[in-house]
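Asks: Using only what follows, build the 3D model:
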Amino acid sequence: METVLIVIHLMVVVALVIVVLLQRSEGGALGIGGGGGFMSARGAANALTRTTSILAAAFFATSIALGIYAKVSSGSADILDQVPVETQNGGSILDAITPESEKQPESGEPAVPSSQ
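Replies: Sure thing, here's the model as predicted:
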C-alpha cells in the first residue's frame, strides 16, 4: 500500500512541476508556454490554473495519506520507548555499547594489558 501511495505521489509531483513550468510568466519570461497553440491565451491560462489546483490538491492528499500511513504502521510513537534503561548486568546502556578496549578499569583493579 505504501509503495502505491509513493508512486502516485511521485507522479503527481512530476506532473505538478511540468504544469507549473508550462504556465506563462508574468514578468520574468521563465515560462515556456507562451507561444501560439490550439487554445487562446485566456483558455490556456484557465486550463493550466485549474490543472495546477487539482494537482496541488492531489499532492496534499497523498502527502497526508503517507503521513497517516507512516503513523499507523509504526510500532512506537517515541524512539526512547524502545531503548532499554539498564542492561542485564546492572550497568547503563553506555557500558553495553563501549568496546572492551576503551573501558576504564574499576577503581580497585590495576590497569594491566590483556595480552598477558
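
Asks: can we go C-alpha only for contacts and neighbour counts from here?
Replies: Fine.

Asks: can you tell me which helix in the protein is longest?
Replies: Among all segments of the chain classified by DSSP state H, the helix with the greatest residue count is helix 41-73.

Asks: Against which helices or strands is that helix packed?
Replies: Judged by 3 or more CA pairs under 8 Å, 6 or more residues apart in numbering; DSSP states H and E, helix 41-73 is in contact with helix 2-22.

Asks: For the helix it packs on, buried residues please.
Replies: 9, 12-13, 15-16, 19-20, 22 (16 or more other CA atoms under 10 Å).

Asks: Show me which of the residues you listed is closest to residue 73.
Replies: residue 9 (18.3 Å; CA to CA).

Asks: hmm, back to that, list the buried ones in the longest helix of the chain?
Replies: For helix 41-73, by 16+ other CA under 10 Å, it's 44-45, 48, 51-52, 55-56, 58-59, 62, 65-66.

Asks: which one of those is nearest residue 2?
Replies: For these, the nearest to residue 2 is residue 66 (7.2 Å; CA to CA).

Asks: Identify the residues contacting the nearest residue to the closest one once chain neighbours are set aside.
Replies: Take residue 66 and drop its neighbours on the chain: the residue closest to it by CA to CA, 6 or more residues apart in numbering is residue 5, 6.8 Å away. Residue 5 is in contact with 62, 65-66, counting by CA atoms under 8 Å, 6 or more residues apart in numbering.

Asks: What separation do you get for residue 5 and residue 13?
Replies: As judged by CA to CA, to the nearest Å, residue 5 and residue 13 stand 12 Å apart.

Asks: and the closest residue in space to residue 8 that isn't next to it in sequence, what is it in contact with?
Replies: Of all residues not flanking residue 8 in the chain, residue 62 sits nearest, at 7.6 Å (CA to CA, 6+ apart). Listed by CA under 8 Å, 6+ apart, the contact partners of residue 62 are 5, 8-9.
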